[in-house]
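Peer 1: Got a predicted structure plus its sequence, pasted below:
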Amino acid sequence: MRHALTALQVAALALAIGTSAVRADPWVTPFRGHVSFGYSKLLSSDAPGGSLGFSVGVDRPLSATLRTGVDIDYSLLGTRTIERGSLVADVDYSAIEALAMLHWQPSWPGPLGRLSAGAGVMGARAAVSSAGAAEFQDLAVSQVSPALAVEATLLGRHPAPVRVGLETGYHLGFLSHQSWSLWDARLAIHY
């Protein structure tokens, strides 16, 4: 829960800084930001059911249809309970990502308002809590690894100070012994 509050505080701070900076300084005008929140899931046969995901980002134009920027994503991926003999452990999964993104606004008509792709780093974590934690150490993960991400956003294309859309994405972290594939579906607020 502490991580969720920290992610919400970061998102609120980014929103406050972004909106006050646009009013305060003309050089910031081309920059746009977004905040999204919703559902994130680790795609694995033994993964928990998924949980909350948050994202904040800022971008600037490269051309009329291309933008570039940075996204910070945080995903609470759920908890899994594992039994081994008479011992029981809870494994809490989470991931944080810092991504350099390229955003493209397609020219064809329709609700698809933005396609995004990027690369960066993922901090993957699976924290084990158990009275007999030594028995479950093979499940623990705490690693920073390279990551790739692709996202699609259903979003209106008409200029407006605030636009609301639906974002879905697939993120892949290349951990040393396995890969973490994340899927998310989020409500996105672009400002």
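Peer 2: Sure thing, it's come through.

Peer 1: residue boundaries of the strands in this protein?
Peer 2: 32-42, 51-61, 66-84, 87-104, 112-129, 141-154, 163-174, 179-190 (DSSP state E).

Peer 1: pLDDT score for Trp108?
Peer 2: According to the prediction, Trp108 has pLDDT 85.

Peer 1: show me the contacts for it.
Peer 2: Taking Cβ atoms under 8 Å, 6 or more residues apart in numbering as the definition of contact, Trp108 has no neighbours. From N, CA and C alone the C-beta is placed, and that goes for glycine too.

Peer 1: distance between stretch 155-174 and the chain's centre?
Peer 2: Offset of stretch 155-174 from its chain centre (Cα atoms, centre = their mean, to the nearest Å): 12 Å.

Peer 1: Which residues belonging to that stretch are considered buried?
Peer 2: For stretch 155-174, a neighbour-count test (16 or more other Cβ atoms under 10 Å) marks Leu155, Arg163, Gly165, Leu166, Glu167, Thr168, Gly169, His171, Leu172, Gly173 as buried.

Peer 1: Which residues does it contact?
Peer 2: 36, 38, 55, 73, 95, 97, 105, 111, 113-114, 116, 122, 124, 145-154, 179-191.

Peer 1: Just give me the residue right at the centre of this structure.
Peer 2: Nearest residue to the geometric centre of the chain (Cα atoms, centre = their mean): Asp73, 2.9 Å.

Peer 1: okay but that residue is in contact with Glu97, surely?
Peer 2: Yes. With contact defined as Cβ atoms under 8 Å, Asp73 reaches Glu97; the gap is 4.3 Å.
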